[in-house]
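Chemist: With the input below, show me the fold.
(one chain, ligands or ions: 2)
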Amino acid sequence: MSQPAPTGLFLSFEGIDGAGKSSHIAGIAERFRAAGREVVTTREPGGTPLAESLRELVLHQAMDPLTEALLVFAARRDHLQQCIEPALARGAVVLSDRYTDATFAYQGGGRGFDLALLRTLEGWVQARADAPGRLRQPDLTLWFDLAPALAAERLAGARAPDRFEALDQAFFTRVREGYAARAAAEPQRFARIEANAPREAVAAQIARVLDARGL
Ligand SMILES: Nc1ncnc2c1ncn2[C@@H]1O[C@H](COP(=O)(O)OP(=O)(O)O)[C@@H](O)[C@H]1O
Ligand SMILES: Cc1cn([C@H]2C[C@H](O)[C@@H](COP(=O)(O)OP(=O)(O)O)O2)c(=O)[nH]c1=O
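Modeler: Ligands and ions are numbered 1, 2, ... in the order given. Down below sits the predicted model:
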């Protein structure tokens, strides 16, 4: 008898720059490893050699909004094909520091780029070979929500700003609204994490979300 296909799990981590998401990914990876799961931690833009090269361009080169949108989706396509889909097919847990919601929040909300065009690109790039008509979306998205002024305070002096981190609070207010719109459209996929809390309190919220979903 053939074995049933293993069930992978895809989690994404989202929020404005400085919200604190990267600080928690290692701990979540440890939780799944302790439960005996293979864990793949990755990020967007990036996660493969090609996508990491595109990341360098997107974060550091001036370009027009359509070029920016095409490059983040090109990086995502390679990331899906080379990394995410094979990992899920093996039954691994994939933890991705950002995914498509970031495009809708940053390029859509922040830059004001046409959402219909982003949805078209999402449909092309994330079409699933194993499930015709369906898109590859995370099983769960942890949205670290923090007021832009607080995120800016956290980032001040923490690291050299890239093209996005150098933008003003009005930009991040629009990015935050972009995330809020995605969360409202898919409430079952999103879990909002109140990121204006000490690290341990944020970790406890994440643990409650994962416990509640049996993860
Ligand atoms: N709960 C928290 N309270 C205060 N500072 C935090 C908290 N979580 C993270 N930080 C700090 O804020 C900055 C941004 O955190 P990071 O995890 O890199 O955010 P992101 O990945 O969302 O951009 C870092 O300097 C980090 O040490
Ligand atoms: C995935 C993605 C990221 N971004 C932006 C958001 C971030 O400012 C930046 C990189 O994200 P991130 O990895 O969070 O940066 P850092 O390593 O500095 O914490 O790219 C987009 O604009 N669109 C996208 O589709």
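Chemist: Provide the contact partners of the lowest-mean-pLDDT helix or strand in the chain at residue level.
Modeler: The weakest-scoring helix or strand in the chain, judged by mean pLDDT, DSSP states H and E, is helix 148-155 (a mean of 94). The set of residues external to helix 148-155 that reach it, using CB atoms under 8 Å, 6 or more residues apart in numbering, is 16, 17, 18, 19, 20, 161, 165, 169, 172, 173, 176, 196. (C-beta placed from N, C-alpha, C; glycine too.)
Chemist: near ligand 1 at all, the longest helix seen in the chain?
Modeler: Counting residues, the longest helix found in the chain (DSSP state H) is helix 169-185. No. Helix 169-185 lies apart from ligand 1 when judged by CB under 6 Å from any ligand atom; the minimum separation is 11.2 Å.
Chemist: which non-adjacent residue is nearest the residue most central in space within the chain?
Modeler: Centroid-nearest residue in the chain, with CA atoms, centre = their mean: residue 98, separated by 1.8 Å. Of all residues not flanking residue 98 in the chain, residue 44 sits nearest, at 4.4 Å (CB to CB, 6 or more residues apart in numbering).
Chemist: looking at it, that neighbour is touching residue 76, isn't it?
Modeler: Yes. In this structure, residue 44 is within contact of residue 76 by CB atoms under 8 Å, at 6.2 Å.
Chemist: Give the residues shared as contacts by those two.
Modeler: What both residue 44 and residue 76 touch, as defined by CB under 8 Å, 6+ apart, is the set 51, 99.
Chemist: So which of these two has more stuff around it?
Modeler: Per other CB atoms under 10 Å, whichever of residue 44 and residue 76 has more neighbours is residue 76, with 28 against 23.
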